[in-house]
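S.K.: Quick one: sequence and predicted model below, then my questions.
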Amino acid sequence: SQTIHQWPATLVQPVGSPLSLECTVEGTSNPNLYWYRQAAGRGLQLLFYSVGIGQISSEVPQNLSASRPQDRQFILSSKKLLLSDSGFYLCAWSLVATTGDTQYFGPGTRLTVL
Amino acid sequence: LAKTTQPISMDSYEGQEVNITCSHNNIATNDYITWYQQFPSQGPRFIIQGYKTKVTNEVASLFIPADRKSSTLSLPRVSLSDTAVYYCLVDDNYGQNFVFGPGTRLSVLP
């Protein structure tokens, strides 16, 4: 069966510090991978998605970046965090299918920027 | 990209059937309708998906009229543990057009 891991689970960082969140998927090959951010009490905002190694599409301009160095590894980074980067970060995967796509989400990382 | 509209919140009591309707007036021919459930501090979880008519699984039923411009998620006999946010999504099968709206916050009361 497929599983998705994210770490760390929680993170408190000062403004201006770097960020690296990691997501890995097990039990599947060539998944689509996604990074979302959810502000408190809000819906999910799609930040990045990837259809393959080294292929990253950005949905929202921001000081964040994503990379996919391996097929089942997706990394979210920032060189300098802003207060507005606080939120709940979710990684998800899906497989392109002939029917509608279904996303499977990881446990999330709660980031607080102080 | 089809936009969806759902009620912001709903209240229900244990044991009742809950119906949450989602409007998607500009749904495209290739789009499927998917519902997710999210508990606090967790990622959304897939509930059910459909293209037309009715779909039923062990958790819920999804009703889609012939024009597909709306859909209704039906949760039979809800319990306190069904308190969550429910999201309706409309997307094609390319996995690149996911847009999560604010969802419907369902509160199940004892």
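M.R.: Good, I have the coordinates.
S.K.: How many neighbouring residues does the one residue in chain B that gets nearest to chain A have?
M.R.: For chain B and chain A, the shortest gap (Cβ to the nearest Cβ) falls at residue B:32, measuring 2.4 Å. C-beta: built from backbone N, CA, C; applies to glycine. Residue B:32 is flanked by 21 other residues according to other Cβ atoms under 10 Å in any protein chain shown.
S.K.: do you know how far it is from residue A:45?
M.R.: Going from residue B:32 to residue A:45 by Cβ to Cβ, to the nearest Å gives 21 Å.
S.K.: Same check on residue B:38?
M.R.: 14 Å.
S.K.: Those two - which one has more neighbours?
M.R.: More crowded of residue B:38 and residue A:45, by other Cβ under 10 Å: residue B:38, with 21 against 17.
S.K.: Please name the nearest non-neighbouring residue to residue A:48.
M.R.: Excluding its sequence neighbours, the residue lying closest to residue A:48 (Cβ to Cβ, 6 or more residues apart in numbering or on different chains) is residue A:66, at 3.9 Å.
S.K.: Is it correct that the one you found is in contact with residue A:75?
M.R.: Yes: counting by Cβ atoms under 8 Å, residue A:66 touches residue A:75, with 6.6 Å between them.
S.K.: got the contact list for the nearest residue to residue B:79 once chain neighbours are set aside?
M.R.: Spatial nearest neighbour of residue B:79, excluding adjacent residues (Cβ to Cβ, 6+ apart): residue B:14 at 5.7 Å. Listed by Cβ atoms under 8 Å, 6 or more residues apart in numbering or on different chains, the contact set of residue B:14 reads B:78-80, B:108-110.
S.K.: again, only using 10 Å
M.R.: Residue B:14 makes contact with B:77-82, B:108-110, according to Cβ atoms under 10 Å, 6 or more residues apart in numbering or on different chains.
S.K.: Can you check the pLDDT for residue A:1?
M.R.: Here, the pLDDT recorded for residue A:1 equals 83.
S.K.: Contact partners for it?
M.R.: Neighbours of residue A:1 in contact, by Cβ under 10 Å, 6+ apart: A:26-28.
S.K.: Go again with 7 Å.
M.R.: Counting by Cβ atoms under 7 Å, 6 or more residues apart in numbering or on different chains, residue A:1 touches residue A:27.
S.K.: Please apply the same query to residue B:50.
M.R.: By Cβ under 7 Å, 6+ apart, the neighbours of residue B:50 are B:33, B:62, B:64.
S.K.: Show only the entries of those residues found in helices.
M.R.: Per DSSP state H, helices hold no members of the contacts of residue B:50.
S.K.: Restricted to strands, list those.
M.R.: Using DSSP state E, the subset of these located in strands is B:33, B:62, B:64.
S.K.: Just to check, the second one is in contact with residue B:48?
M.R.: Think residue B:62. Yes: Residue B:62 is within contact range of residue B:48, at 4.8 Å (criterion: Cβ atoms under 7 Å).
S.K.: follow-up on the earlier one: buried ones among the contacts of residue B:14?
M.R.: For these, a burial check counting by 16 or more other Cβ atoms under 10 Å in any protein chain shown picks out B:78, B:82, B:108.
S.K.: of the ones in strands among the contacts of residue B:50, closest to residue A:83?
M.R.: Among the ones in strands among the contacts of residue B:50, residue B:33 lies closest to residue A:83 (Cβ to Cβ), at 36.7 Å.
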